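J.: Mind folding the following:
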Amino acid sequence: MRSEFQGPLRLAGTYILFSVLWILGSDTLLNALTEDSALIANLQLAKGLLFVALSGALIFMLSYRQYVLLHRQQHLLTQNIQQLKQSQRNAGIGSWQYRQGFNWSIEAMSLLDRESDPPHSSLEQFLSWLHPADRAGAQRALQALLDGQAPLNFSARLAQAQTQPCTWLMLRGEADGRGNIFGTLQNISAQKRDESALRESEKRFRQLFEQTPRIAVQGYDRERRVIYWNQASTQLYGYEVHEAMGRRLEELIVPPNARSKVVNAINLWQLGGPPIAAAEVQLQCKDSRQIWVYSSHLMLRNSLDQVELYCIDIDLTQQKKIDHDLQLSESRYRTLVEHLADGIFLTHTDENLSFLNPAWEQISGYSVQESLGHPLQRFMPELGQIPLKLQLEELRSGKLDNLRVECQLLTRSGEVRQVELQISPCAVLPGLHGSLRDVHERHQAYHLQQARNAVLDELLGLHPLSSVLTGITRRLESLQPQMRVSIMLLDDQKRLHVGAAPSLPDSYNQAIEGIQADLGVGSCGHAACSGELVIAEDISRHPYWQDFKILAMNAGLHACWSLPFKDDSGKVLGTFGIYYPHPTRPSNADIALVTEFTRLAGLAVQFRSPTNTQQIKSAPAVR
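T.: Next up, the predicted model:
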């Protein structure tokens, strides 16, 4: 039943019911009280008059009640309309409807700068009000809405004189189930100006970074021997990488009169003393020339819990000659460069993330929304969480001015990636700010190339095959410390012999020496026989390991996957066995990495004479 009929029908029904009850009830009562017809006639007249009075009162009460309800609803509707209009004015929003043309609200006409025009227009007239460059796009978006293809969500500029500030409008609209088309119009000029300012800032930021001179970075072990030397260090101090590696810090770049002071300061820092503050210092080049650098220092612990010192040096020789204003500008310039990276983040004082840019999702796989409110350490492998937490505590306490370190990030898919992390205290807000850059491919490519070069050098140097294979396993393990790697070689009798397994117990190597390459015989035996990748996520439950699981458990091995390597004709030469101390399975990146190393092993085996398999069988594995 239509809603507009409900009130009148309710009123009519009430009147009819009252009338029927009155007539039947009053007649029955009169007949019961008297049989005098004259008296009954008089009473009937009185009864009729009373009925008119009572029915009139009843109709008045019902009508008045309906009037009060209607008046209250009109009052609430008027109040809501006023509030809506006030909200639209405050937010710079107007409304519109489309019926053979646009019908604009007063607020919308004000936003369109058409207050003197009638509040309606055709589609063509509205398009003429927009900037010529935006008309075609606006027409396509509006036509898609009119054709019922998609809701309208389009921003465009008004056609204005060049002397006026540009006005941007956001036009939104949709069609309801009855085909009525309506929407809103909003002034987004401030938002567009902010976006433009942000783009200009990012453009200046990129230009600034592109023009930044290279920063010299060196890494030293606990004995102050060089373990890392970048190209900028070579340009600054004159030592090539091969000249610097393995030499002590004080022998390379510290002037003779300052060497004992530097050594004492580093030793004291390693023992828990105060860190070496970032400062301008004089250092020495290869040609004994002394230069001024701004040197920052960072003490870290590697995956083996060994102390490493990193120095970040910026050449200040020429900058010493400029005035105070240029030095101040260079300080701001340096600060920008130090914190420029792909991912940008902010934290509260409790270390929980309060801001992340979209690059975080590309690097970590986690959405920004689910990452906010969690500490940065949550997204790192368990072994890396405590060192980072301690470094952040030193940063907040003032022991460190800033933190710059390469560490590992555990992505949503379970992949461990190498990242470069930079963190500093915020100057104007409580908490920390920093940047995160994905350097995983560069890190792995560098070490993989080193492995290729080392294998080729050893092959050309006619090193024993066992030594070459051991070097391959150690380099793979250095890239993925959680892996324990073995290389098994297949002989003509289809038996596997340990070619290299430096991280596995001798008892385990001796037990698996000479096992048959057959289906279902462990991961390596099955892989060598089938020529395919084999993954045993949990050795204790995998059917291929029933005869070896006790042996593996005693050796602390709980997961294993094996990848065969072959010669150019597709013949299996051997297998890579990758073990883990806990149940797990490899990621696609792990399989791709090991595949590269299988090529090196295949090259090494094919490069040597066919008798090498027998040599490996008779010679103990190099550890």
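
J.: Residue 601 touches residue 470, doesn't it?
T.: No: if you go by CB atoms under 8 Å, residue 601 and residue 470 don't touch, sitting 11.1 Å apart. Placement of C-beta: from N, CA and C, glycine included.

J.: These two: which has the busier surroundings?
T.: residue 601 (26 against 21; other CB atoms under 10 Å).

J.: Excluding residues flanking it in the chain, which one is nearest that one?
T.: Nearest residue to residue 601 in three dimensions, chain neighbours excluded: residue 565, at 5.2 Å (CB to CB, 6 or more residues apart in numbering).

J.: same deal with residue 365?
T.: residue 412 (3.3 Å).

J.: Give me the three-state assignment for the one you found.
T.: Judged by DSSP: H, G, I helix; E, B strand; the rest coil, the three-state class of residue 412 is coil.

J.: so how many other residues sit close to it?
T.: Neighbours around residue 412, by other CB under 10 Å: 13.

J.: My understanding was that it contacts residue 361; is that so?
T.: No: with contact defined as CB under 8 Å, residue 412 does not count as touching residue 361 (9.3 Å).

J.: picking that back up, quick one: the residue nearest to residue 601 is in a strand?
T.: Yes: counting by three-state DSSP, residue 565 falls inside a strand.

J.: who are the neighbours in contact with the residue nearest to residue 365?
T.: 364-366 (CB atoms under 8 Å, 6 or more residues apart in numbering).

J.: so how far is residue 284 from residue 256?
T.: 8 Å (CB to CB, to the nearest Å).

J.: Of these two, give the one with the bigger neighbour count.
T.: residue 284 (19 against 9).

J.: Need the phi and psi values for the nearest residue to the more buried one once chain neighbours are set aside.
T.: Once flanking residues are discounted, residue 284 sits nearest to residue 255: 4.9 Å by CB to CB, 6+ apart. When read as degrees, to the nearest 10, the backbone of residue 255 gives phi -60, psi 150.

J.: before we move on, back to that, my understanding was that the residue nearest to residue 601 contacts residue 603; is that so?
T.: No: counting by CB under 8 Å, residue 603 is not a contact partner of residue 565; they are 9.3 Å apart.

J.: So between the two, which is more surrounded?
T.: Using other CB under 10 Å, the more surrounded residue of residue 565 and residue 603 is residue 565, with 27 against 18.

J.: so how far is residue 29 from the more buried one?
T.: From residue 565 to residue 29 the distance is 113 Å (CB to CB).

J.: For the protein, spot the helix or strand the model is least confident about on average.
T.: The least trusted helix or strand in the chain, going by mean pLDDT, DSSP states H and E, turns out to be helix 612-618, with a mean of 43.

J.: chain center to stretch 586-602: distance?
T.: Counting by CA atoms, centre = their mean, to the nearest Å, stretch 586-602 is centred 27 Å from the centre of its parent chain.

J.: got the buried residues for it?
T.: 586, 589-590, 593-594, 597-598, 600-602 (16 or more other CB atoms under 10 Å).

J.: Greatest separation within those: which pair is it?
T.: Farthest pair in those (CB to CB) is 589 and 602. Separation: 20.6 Å.

J.: for the record, mean pLDDT for the strand of greatest length in the chain?
T.: Longest strand in the chain, counting residues (DSSP state E): strand 290-301. Across strand 290-301, pLDDT averages out at 88.

J.: tell me what it is packed against?
T.: strand 279-284, strand 307-315, helix 382-397, strand 403-410 (3 or more CB pairs under 8 Å, 6 or more residues apart in numbering; DSSP states H and E).

J.: CA-only coordinates of that strand, as CSV, when you get a sec.
T.: Extracted in CSV, the C-alpha atoms of strand 290-301 (Å, rounded to 0.1, in the frame of the first residue of the first chain):
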residue,chain,number,x,y,z
GLN,A,290,96.0,15.5,4.2
ILE,A,291,92.4,16.4,3.6
TRP,A,292,89.4,17.5,5.7
VAL,A,293,86.4,15.2,5.8
TYR,A,294,83.2,15.1,7.7
SER,A,295,83.3,11.6,9.3
SER,A,296,80.3,9.7,10.8
HIS,A,297,80.8,6.4,12.6
LEU,A,298,78.5,3.5,13.3
MET,A,299,79.2,0.4,15.3
LEU,A,300,77.2,-2.7,14.3
ARG,A,301,77.2,-6.5,15.0
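
J.: tilt between that strand and strand 279-284?
T.: Going by axes from the mean of the first three to the mean of the last three CA atoms, to 10 degrees, strand 290-301 is angled at 110 degrees with respect to strand 279-284.

J.: pLDDT at residue 157, what is it?
T.: 88.

J.: quick one, what contacts it?
T.: With contacts defined as CB under 8 Å, 6+ apart, residue 157 is in contact with 130-131, 133-134, 166-169.

J.: ok, so what distance separates residue 19 from residue 55?
T.: In terms of CB to CB, residue 19 sits 7 Å off from residue 55.

J.: Then residue 430?
T.: For residue 430 relative to residue 55 (CB to CB), the value is 77 Å.

J.: Show me which of the two is the more surrounded one.
T.: Using other CB under 10 Å as the criterion, residue 430 and residue 55 rank with residue 55 on top: 14 against 11.

J.: Do I have it right that that one meets residue 20?
T.: No: checked against CB under 8 Å, the pair residue 55 and residue 20 is beyond contact range at 11.8 Å.

J.: can I assume residue 137 is in contact with residue 154?
T.: Yes: assessed by CB under 8 Å, residue 137 is found in contact with residue 154 at 6.7 Å.

J.: Can you tell me the element the residue at minimal distance from the centre of the chain falls in?
T.: Geometric centre of the chain, nearest residue: residue 361, 2.2 Å, by CA atoms, centre = their mean. In the assignment (DSSP states H and E), residue 361 maps to helix 359-364.

J.: Show me the shaky parts of the stretch 1-150 of the chain.
T.: For the stretch 1-150 of the chain, the stretches with pLDDT under 70 are 1-7, 11, 40, 81-92.

J.: Show me where it has its strands.
T.: 93-98, 102-104, 120-121 (DSSP state E, counting those that start in this stretch).

J.: mind checking which of the ones you listed is nearest residue 293?
T.: Of the strands of the stretch 1-150 of the chain, nearest to residue 293 by CB to CB is strand 93-98, at 56.9 Å.

J.: from the chain's centre, how far out does that closest one sit?
T.: Worked out by CA atoms, centre = their mean, strand 93-98 lies 38 Å from the chain centre.

J.: which secondary structure elements does that strand contact?
T.: Going by 3+ CB pairs under 8 Å, 6+ apart, strand 93-98 lies up against helix 37-91, strand 102-104, helix 106-111, strand 181-187.

J.: can we see that at 10 Å?
T.: helix 37-91, strand 102-104, helix 106-111, strand 120-121, helix 123-128, helix 132-146, strand 168-175, strand 181-187 (3 or more CB pairs under 10 Å, 6 or more residues apart in numbering; DSSP states H and E).

J.: Kindly present those as CSV, with separate columns for distance to residue 447.
T.: Shown next, in CSV, are the helices and strands packed on strand 93-98 (distance: least, CB to CB, whole Å):
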stretch, distance to residue 447
helix 37-91, 56
strand 102-104, 64
helix 106-111, 60
strand 120-121, 67
helix 123-128, 60
helix 132-146, 50
strand 168-175, 50
strand 181-187, 54
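
J.: Just tell me which of the ones you listed ends up closest to residue 398.
T.: Nearest to residue 398, of those and by CB to CB, is helix 37-91 at 44.6 Å.

J.: In terms of secondary structure, what does that closest one contact?
T.: Looks like helix 37-91 contacts helix 3-33, strand 93-98, helix 106-111, strand 181-187 (3+ CB pairs under 10 Å, 6+ apart).

J.: Go again with 8 Å.
T.: helix 3-33, strand 93-98, helix 106-111.

J.: for the ones you listed, which one sits closest to residue 304?
T.: Going by CB to CB, the one of those nearest residue 304 is strand 93-98, 61.4 Å.

J.: which ones are touching residue 278?
T.: Applying CB under 8 Å, 6+ apart, the residues near residue 278 are 294-297, 401-402.
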